[in-house]
Every structure is written in structure tokens, then in C-alpha cells.
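In: sequence and predicted structure below; questions after.
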Amino acid sequence: MKTTNWVDSLIEENKHVETPESWLWWSLLCCISAASGNNYYLTTLKGDLVYRPNIYVMLLGESGLGKGYPVNLAKRLVQKANVTRVIAGRSSIQAIIQELSRTKTVEGQAPIGDSRGLIVNGELSTAIIQDPDSLTILTDLYDGNYNKEWTNLLKGDGAEKLKNPYITALFGSSPAHFYDSIPDANINGGYIGRNLIIYEEKRSREVDLLDDNTDIADDKFETIIVPKYVPHLENIAKKKGQLIPSEAARNLFNTWRKKWRGSQVYDKTGFLNRVPDHVLKVSMCLSLAEWEFNGSIDERHIEEAIQKVTSLVYSNKRTTEGRGPDPMAAATKVVLDYLLAAENQCLDRKQLLWKGYGTYNSFTLDQMIDNLLEMQWIRREKIGVGKNMDWKIYLAGEPLESYKRYISDKNKEKK
């Protein structure tokens, strides 16, 4: 298999491990992101909006599926490169801020004066000591382009200033710990929308744990991985500049983004609205992951970034909607029951609003309709114009098929 970039090459080196390949891919992309720091940027809207390639990644899955391996590999690679601060283990958010505010000395290189760092831990619940402000602060620091100088001022302590904060975060978590670690305010308040959640339910492959490894060096990481892969991270950190999309890349992104915006549905986390931003950040990382990167974002980088990021919509939805009972579940069942009982399983939106008086309002009904459209349990058609415009709502998908089977069985019983 021909590998084209740093991430793909390291994936090939790890074909023998059981950990899900997506976890490896995103963990390694965090290495590229961390090494990049504030050195690279992408401008949009005639220069009014600046993107940096920092990303927040969360590997989510049941305990025992192998989150520790890719997280540890990423941590060790960035530590060996020594191109940014690596904050690992259990910390308080105040200790993290303090570490980011200090100048980092690097042997043989100029000191790191800005507030760049990789926060990494295989378990989110132990990464940051419980503090109601921790995830809110990480949300704020994610948008470093809006916080050229970020100040932390607490009563009794001196002011700690972060200069051009640039944070890359890589966490692992199991679903149970995820729900314990992330309050509702941070699910709805922007933190989750800024995360790329990689949800996996099974290992990538089954292998023999005890194999014939007599020809492998005692420390493969030090003797094979470090010499081959760490220099690329060091090289990224030495250079800097603007990343320029090619004309083909611009056309692909702009065309896709318009279609994406036009198909938006309700999303309480804000992730769907941020998908285009994530695509740009990931495409920047993919450009820098090229063995011979030249400052260009090509069409293939945009194309792969779109594929990788949009495939995470299910992960985000699966994760956040698994948090306790859906507050709209009972009202949604009422809407489905009205459609089931209607002639041809169809009602106007206004009819649904009248029927549901006292159970739900117009805003909640529209949220339910958006959710059911995304699940493909209903379809809708626009009717009328202007003030008389309305929607016909048709039952569809699995509920309709189940209803048809029920009617069919009933007819068979009568015969």
C-alpha cells in the first residue's frame, strides 16, 4: 500500500494493533496539530477571519477497546519532538493555565513564548480535576484567534496572561465517564460542538496477542518510530506561514459548504454548524502532514477532510443524545400517534399544532419535525405561499413500515 503522508505512514506501521484505526488516525492528526502551533494560519472572508489548525479530539468507546494505545503514542511522539508543551496526567485547570503562561525553553531552539500546548490524557474524567469552569475555559481557549491575550484573574492570585493561546486536546473516555465528566451546560454551551468525537464500538481486528516477535527490537518506538517520524514534527515547528488553498480546493469547499448549510437541522451541541470550520482545520493539518508540505491546501485535502469530519455526525449525535431521556420524547410520540391515526398518515403542520395544544408549542413542534426529518421518520411538502404557506407532514421510514405491517397482520387475522 502506497502511503502519501505522515499520518498514513504511521497507520501502516500500526496495522498489527487491535485499536480502532479511526482512533489512531485522529490521535496522529493531533500530533500534526500540536506541532503546528501558531506557526500556520488560513484566512477567509477577505482576511477578516483567521483559522489555526488546532483541534480538540475525543476518543469515545467502552473500556478495553484500546484508547490508551493511540493516546500514548501521540503523547510520546510530541514529547520526543519537544516542539510544544505537553500537559499529561491529572491536572487542575488552574495548573494548566499556569503552565501555559510560562515561557518554555527548548534546547538548541528559541524559547516558546506563546501559550501553545497539547493537553492529552486517555481518560477525560481524570485529565482535569473537577472544576465547574474547566470545560468553559477550554471552550474559550479553543478560539485563540479571538483571544490574542487571555487573562486569568482570581481573587488572591496574580493575573496570569496567556499570549496567543493555541491548544490541541486529545482525550479518551467511556460513555459512562463522559456523562459524568461533561455537564449539560457544556454539551449545549459550545464545548462539545468544538470537539471531534470519534465513537467506536469494536476493535478494528482480532490478532494473536502472543506472536513471533524475536526479530523486533527491544524498544521499537525508540529505535524505529522516533528516527523515522519525529523529524517531521520538528520540521513543521521550525517553519511558519499562510496556508493557501488552490482554486480547485476553494471551489470544492465553497460548493460543498453551501449544500451543507442548506441541509441544516436542529442540533443542540452546535457541532453541525461548526462542521465547515472543522473541515478547514483538518484540511490544514492534512496539508502539513504531507512529507514534503509546501504551504498549499489541495483539493484532495479538502475532500478527505470533508469525508473524515462529516462521518463524525453520527458519533456526535450518538454521544449527546445518549445522555438521559430525551425531554421531547413524550411529545414526539404524540406527534407520531397523530400521524398514524390520520388519513394517509398525513397532517398539515397547523393541524399538528392545533391537535397538540397544551402538549407542545410551535417552537417545540419545529424541533421535533427537524429531528424526525433527520431520522427519516417523516417527509414534508411545502404548500401555499406567503402568509398561507404551510407544510404537509407525512409519516415515513420505519414507523410507517411498522404501521403497514400491523395493518397487514390485522387484515390477515380477519380473514
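Out: On my side now, so go ahead. Numbers count the residues shown, from 1 in each chain.
In: going forward, measure contacts between C-alpha atoms and count neighbours the same way
Out: Will do.
In: element containing the most centrally placed residue in the chain, please.
Out: The centre of the chain sits closest to L196, judged by CA atoms, centre = their mean, with a distance of 1.1 Å. Assessed by DSSP states H and E, L196 sits inside strand 195-199.
In: following element in sequence after that strand, please.
Out: helix 220.
In: quick check: mean pLDDT across that following helix?
Out: Rounded to a whole number, the mean pLDDT of helix 220 is 84.
In: quick one: L118 and A34, what's the gap?
Out: Using CA to CA, to the nearest Å, L118 is found at 6 Å from A34.
In: what do those two both touch?
Out: T84, I167, T168 (CA atoms under 8 Å, 6 or more residues apart in numbering).
In: once you drop chain neighbours, what's closest to the first one?
Out: Once flanking residues are discounted, T84 sits nearest to G117: 5.4 Å by CA to CA, 6 or more residues apart in numbering.
In: for the one you found, which residues are in contact?
Out: A34, G37, T84, R85, V86, I87, L100, Y166, I167, T168.
In: confirm the second one sits in a strand?
Out: No. With the criterion set as DSSP: H, G, I helix; E, B strand; the rest coil, the secondary structure at G37 is helix rather than a strand.
In: that one touches N54, doesn't it?
Out: Yes. Contact criterion CA atoms under 8 Å: G37 and N54 qualify, at 7.3 Å.
In: and for these two, which residues touch both?
Out: Joint contacts of G37 and N54 (CA under 8 Å, 6+ apart) are Y166.
In: hmm, back to that, partner strands of the strand holding L196, parallel or antiparallel?
Out: Strand 195-199 has its sheet partners listed here by DSSP bridges as strand 56-60 (parallel).
In: thinking again about what came up before, averaged pLDDT, the helix or strand harbouring the residue nearest to T84. What do you get?
Out: Assigned by DSSP H and E, G117 falls within strand 116-121. For strand 116-121, the mean pLDDT works out to 94.
In: dump that strand to CSV, restricted to CA.
Out: C-alpha atoms of strand 116-121 as CSV (Å, rounded to 0.1, in the frame of the first residue of the first chain):
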residue,chain,number,x,y,z
ARG,A,116,0.8,26.7,22.8
GLY,A,117,0.3,23.2,24.3
LEU,A,118,-1.1,19.7,23.9
ILE,A,119,-3.4,18.6,26.7
VAL,A,120,-3.6,14.8,26.5
ASN,A,121,-5.0,12.0,28.6
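In: neighbouring strands of that strand in the sheet, and parallel or not?
Out: strand 85-88 (parallel), strand 166-173 (parallel).
In: so which of those is the most surrounded?
Out: Ranked by mean neighbour count under mean count of other CA atoms under 10 Å, the strands paired with strand 116-121 are led by strand 166-173, which reaches a mean of 26.
In: how far is it from where the chain is centred?
Out: Centroid displacement of strand 166-173 relative to its chain, using CA atoms, centre = their mean, to the nearest Å, is 11 Å.
In: pull it out as PDB, backbone CA atoms only.
Out: Presented in PDB, the C-alpha positions along strand 166-173 are these (Å, rounded to 0.1, in the frame of the first residue of the first chain):
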ATOM      1  CA  TYR A 166      -3.100  27.600  20.900                       C
ATOM      2  CA  ILE A 167      -4.500  24.400  22.500                       C
ATOM      3  CA  THR A 168      -4.700  21.000  21.000                       C
ATOM      4  CA  ALA A 169      -6.600  18.500  23.100                       C
ATOM      5  CA  LEU A 170      -6.700  14.700  22.900                       C
ATOM      6  CA  PHE A 171      -8.800  12.800  25.400                       C
ATOM      7  CA  GLY A 172     -10.300   9.400  25.700                       C
ATOM      8  CA  SER A 173     -13.500   8.500  27.600                       C
END
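In: please name the residues that touch L373.
Out: R379.
In: gap between it and S362?
Out: 16 Å.
In: correct me if wrong: L372 contacts L365.
Out: No. Using CA under 8 Å, L372 is not in contact with L365; the gap is 10.4 Å.
In: all helices for the stretch 101-250 of the chain, in order.
Out: 124-127, 134-142, 175-181, 184-188, 220, 226-238, 247-262 (DSSP state H, counting those that start in this stretch).
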